[in-house]
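Visitor: Sharing a model that was predicted from the sequence below.
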Amino acid sequence: MAMLFRISVFLLMLCTAKATDDSGTETEAEALLRWKSTLIDTTNSLSSWSIANPTCCWSGVTCDAAGHVTELDLQSAGLNGTLDALYSAVFRNLTTINLSDNYLGGAISANISMLHTLTALDLRSNNLVGTIPANISMLFALTVLDLSGNNLAGSIPANISMLHNLTILNLSGNNLTGAIPYQLSKLPRLTKLDLGDNHLTNPEYAMFVTPMPCLEFSSLWNNHLNGTFPEFILNTTGLRMEYLDLSGNTFSGPIPDSLHEKAPNLRYPDLSNNGFHGSIPHSLSRLQKLQKLYVNRNNLTGGIPEELGNLTSLEVMYLSRNRLVGSLPPSFARMQRISIFVIQSNYISGSIPSEMFSNWTKLEEFDVSNNMLTGSIPSLISNCTLLLYLVLFNNKFTGSIPVEMGNLELLLEVDMSHNRLTGKTPLNICNANSSLQYLSISDNHLEGELPGCLWGLEDLIFMDLSSNTFSGKIAPSNTPNDDSNLSIRNLDLSNNNLSGYFPTVLRNLSDLEVLDLGYNRISGEIPSWIGESFYSLMILRLRSNMLHGSIPWQLSQVSNLQLLDLAENNFTGSIPASLANLSCLQSEISSVFSIGEEEEYFLQDNPYYIYIDWKGRERPFKALGLLATGIDLSNNSLW
């Protein structure tokens, strides 16, 4: 109790201490208030900063036993203004400034050298402009310098190398140009170097003669670096390197076979988005501490080394968008910590070794799309109970969809489209997957009725079941009640053998933006409720069905409609004049009205698309932000 009393008294003394200067010069409190007066709207964040309150009790201010300001920590305080008025020689004890995640602008003045006692300067994530002042090198006590996430330009001052106590240097996310100064290799205590996301060019490699024995983290991602693998990084870093990010440059040549010798402690190498070629080194298997491996988006060739199965600590593997061939090594089953496995867009063939799914119980993402894989989808996938993303599209998978997939309760995305799957869709495919957001099984040979449980997936945003041989009604008898509200925005059931009337289960899909029921055997009339229900709809495609009756004028209430395709049905009567009132069809960009003439439309890049038969020619039409507008009512009995 006595100790607690003494601590309380000490804190009270600090809060009542007045930072004064008997000589009459500016006090620390006055200097801080002067800076506050230049900031914009500090009512909330700096409300305690008042001459009526002791300085040591101001928010973000820390003092020493003598009452002098030692730390200024105002991270995410909503500060808006500049740093110009902050610099003052009165701060003789200030060691830490953290003003990160604010809205501070202007340049970093050369007067920053007045804060010569600083050991940590963190100004990341602001709006600072101008260059890094050369005399920042006069802050000899600095151990941390973080200026990342600003708009700083110009070159990196070479004399930063004078900051011999520096352990962290982060200049990433700016607009810095010029060559990386080779003098940085003279920072003997540096553990983290992050120069990523700038416009830097190659340093004078030959000048990197001084080792940085403490460097553990090195990031040069997204710059203008080229040439072969920059071995200067490994030659100057000793053996401590754990994180190496060279992604987003134009490096070429092979990945060094000696990587395991130069950096045996490597855990997170990112070599993605470059031009590395040749094969994946078998020696990577000797990096026993490897946890994440990114070599995606390169020009790597050859097979996947079976020895990589020895990386038993590996959690993430990205090999996608290369030119890899061969099969998936069964040895990969030994990587029991794997959570993300992405090898999409290669030339991998053969089947998926079932033992992989047997042991990969921590798997969250499995993407082998755009390859040449064959065989069936292993039923042991049910062991991957943490699986969120299952992406198998554009392969040659055969057989049926495993009924065991119904046990994967956490799935968010399933894409098995463009394969050779057969049989019926398991009735329990979505029974447990209440969180499913994306489902695509299009372009297969699936048959039978659509599972009614699909309409109970409340989080579903995208569903594409097109180009199969599904039959029966769209909403069969096992469909949940019509009051269910899905959040679905894109629904494509085209190119099947679906029948029945226009399904009332769609009535509550108020977020629907794309509805494609084309090329089926749907009959009856278009219901009048379509106008009030589909107020978000942008594409409505009912082409090549057995619909009849008149075209309801209520379609003119679908104010966002940009493409309406009702061609090749049995509609009769007059074309509703109110369709001309659709505001999106009156845009100046491209307005098309067709009842038989050949017309063109334009496309805008977008991840979602459908194929439109526009007067006998099939074209991809991209949705969600369309530039094109049009109506096709051809091959009906309209006037």
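Guide: Cool, the structure landed. All of these numbers come straight from a predicted model, not from anything done at the bench.
Visitor: Could you give the number of residues near the nearest residue to Gly248 once chain neighbours are set aside?
Guide: Closest residue in space to Gly248, ignoring its immediate chain neighbours: Asn222 at 3.6 Å, by C-beta to C-beta, 6 or more residues apart in numbering. The C-beta positions use only the backbone N, C-alpha and C, and glycine is treated the same way. Asn222 has 20 neighbouring residues, counting by other C-beta atoms under 10 Å.
Visitor: distance of Ala107 from Asn170?
Guide: According to C-beta to C-beta, to the nearest Å, Ala107 stands 19 Å off from Asn170.
Visitor: wait, Ala31 sits on Arg92?
Guide: No - counting by C-beta atoms under 8 Å, Ala31 sits too far from Arg92 to count as a contact (11.2 Å).
Visitor: Give me the more crowded residue out of these two.
Guide: For Ala31 and Arg92, the more surrounded residue by other C-beta under 10 Å is Ala31, and the numbers stand at 20 against 12.
Visitor: quick one: that one is in a helix?
Guide: Yes - looking at Ala31 with DSSP: H, G, I helix; E, B strand; the rest coil, it is inside a helix.
Visitor: For it, give me the pLDDT.
Guide: For Ala31, the pLDDT comes out at 96.
Visitor: Just list the residues touching it, thanks.
Guide: Listed by C-beta atoms under 8 Å, 6 or more residues apart in numbering, the contact partners of Ala31 are Leu86, Ser88, Val90, Phe91.
Visitor: quick check, nearest of those residues to Ala206?
Guide: Nearest to Ala206 among the contacts of Ala31 is Leu86, at 41.0 Å by C-beta to C-beta.
Visitor: neighbour count winner among Ala107 and Asn170?
Guide: Neighbour count, other C-beta under 10 Å: between Ala107 and Asn170, Asn170 has more, with 20 against 15.
Visitor: Touching, that one and Arg124? I think so.
Guide: Yes - judged on C-beta under 8 Å, Asn170 makes contact with Arg124 at a distance of 6.9 Å.
Visitor: which residues are in contact with both of those two?
Guide: Asp146, Leu147, Ser148.
Visitor: Can you say which of the residues you listed are buried?
Guide: The neighbour count (16 or more other C-beta atoms under 10 Å) marks Asp146, Leu147, Ser148 as buried among the shared contacts of Asn170 and Arg124.
Visitor: The second one and Asn135, how far apart?
Guide: By that I understand Leu147. As judged by C-beta to C-beta, Leu147 and Asn135 stand 15 Å apart.
Visitor: returning to what we had before: and the residue nearest to Gly248, what does it touch?
Guide: Contact analysis of Asn222 by C-beta under 8 Å, 6+ apart lists Gly196, Asp197, Asn198, Ser247, Gly248, Asn249.
Visitor: Reformat those as CSV; add secondary structure and pLDDT.
Guide: Listed next are the contacts of Asn222 as CSV, based on DSSP: H, G, I helix; E, B strand; the rest coil; pLDDT from 0 to 100:
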residue, secondary structure, pLDDT
Gly196, coil, 97
Asp197, coil, 98
Asn198, coil, 98
Ser247, coil, 97
Gly248, coil, 97
Asn249, coil, 97
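Visitor: how about the residues you listed in a markdown table, adding distance to Ser113?
Guide: Listed next are those as a markdown table, based on distance: C-beta to C-beta, whole Å:
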| residue | distance to Ser113 |
| --- | --- |
| Gly196 | 27 |
| Asp197 | 27 |
| Asn198 | 24 |
| Ser247 | 35 |
| Gly248 | 34 |
| Asn249 | 34 |
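Visitor: Closest one to Ile551 out of these, please.
Guide: Distance to Ile551, by C-beta to C-beta, is smallest for Gly248 among those, at 51.8 Å.
Visitor: what residues are up against the closest one?
Guide: Taking C-beta under 8 Å, 6+ apart as the criterion, Gly248 is in contact with Gly196, Trp221, Asn222, Asn223, Ser272, Asn273, Asn274.
Visitor: switch the cut-off to 6 Å
Guide: By C-beta atoms under 6 Å, 6 or more residues apart in numbering, the contact set of Gly248 is Trp221, Asn222, Asn273.
Visitor: Same check on Gly399?
Guide: With C-beta under 6 Å, 6+ apart, Gly399 has these contacts: Ser376.
Visitor: Quick one: buried ones out of the contacts of Asn222?
Guide: Gly196, Asp197, Asn198, Ser247, Gly248, Asn249.
Visitor: right, and the pair among those residues with maximum separation?
Guide: The widest separation within the buried ones among the contacts of Asn222 (C-beta to C-beta) is 13.5 Å, between Asn198 and Ser247.
Visitor: Name the surrounding residues that touch stretch 223-233.
Guide: In contact with stretch 223-233 (C-beta under 6 Å, 6+ apart) are residues Asn198, His199, Leu200, Thr201, Asn202, Tyr205, Phe208, Ser218, Asn249, Thr250, Gly253, Pro256.
Visitor: do that again at 7 Å, thanks
Guide: With contact meaning C-beta atoms under 7 Å, 6 or more residues apart in numbering, stretch 223-233 is reached by 198-202, 205, 208, 218, 244, 249-253, 255-256.
Visitor: hmm, back to that, can you redo the shared contacts of Asn170 and Arg124 as TSV with distance to Pro264?
Guide: Converted to TSV, those look like this (distance: C-beta to C-beta, whole Å):
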residue	distance to Pro264
Asp146	29
Leu147	32
Ser148	29
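Visitor: Turn the residues you listed into TSV, columns for secondary structure, pLDDT and distance to Ser536.
Guide: As requested, the shared contacts of Asn170 and Arg124 are exported to TSV (DSSP: H, G, I helix; E, B strand; the rest coil; pLDDT from 0 to 100; distance: C-beta to C-beta, whole Å):
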residue	secondary structure	pLDDT	distance to Ser536
Asp146	strand	98	44
Leu147	coil	98	44
Ser148	coil	98	40
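Visitor: Go ahead and confirm Ser510 touches Ser533.
Guide: Yes - if you go by C-beta atoms under 7 Å, Ser510 and Ser533 touch, sitting 6.4 Å apart.
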